[in-house]
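In: no FASTA, just this:
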């Protein structure tokens, strides 16, 4: 699979996903970095068929209303730390 990690997720997730054999891009690697507008992320996601991994429900709402991004993956795990989320990712 091909993923694009949104700004609020740990950068090491990209490394983990790549180690599992997935293509992965982090917003930090885009020309505008973490200041990249959601609309640009949506366009890139559609163009390159990237799953947008995010904690931001706006991407899910945009998908439901407008069909973009290509596919959103909303991470919602209450008050778990980024380290805890990383451990969950590794197990999955």
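Out: In hand now; what should we look at? Being a predicted model, the structure only gives us computed values, none of them experimental.

In: can you give me the strands in this protein?
Out: 2-5, 23-26, 51-54, 71-74 (DSSP state E).

In: Name the spans of this protein whose pLDDT lies under the cut-off.
Out: Filtered on pLDDT under 70, the chain yields the residue ranges 78, 89, 92.

In: want to try CSV for the strands of the chain, with distance to residue 11 and mean neighbour count as columns?
Out: All C-beta spots, glycine's among them, are computed from the backbone N, C-alpha and C. Below are those laid out as CSV (distance: least, C-beta to C-beta, whole Å; neighbours: other C-beta atoms under 10 Å):
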stretch, distance to residue 11, mean neighbour count
strand 2-5, 8, 21
strand 23-26, 6, 19
strand 51-54, 12, 22
strand 71-74, 17, 18
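
In: ok, now how distant is residue 50 from residue 17?
Out: 12 Å (C-beta to C-beta, to the nearest Å).

In: Next, show the common contact partners of these two.
Out: Common neighbours of residue 50 and residue 17, counting by C-beta atoms under 8 Å, 6 or more residues apart in numbering, are residue 3.

In: Neighbours of the closest residue to residue 74 other than its chain neighbours, how many?
Out: Closest residue to residue 74 in three dimensions, ignoring its sequence neighbours and counting by C-beta to C-beta, 6 or more residues apart in numbering: residue 60, at 5.2 Å. Neighbour count for residue 60, taken as other C-beta atoms under 10 Å: 16.
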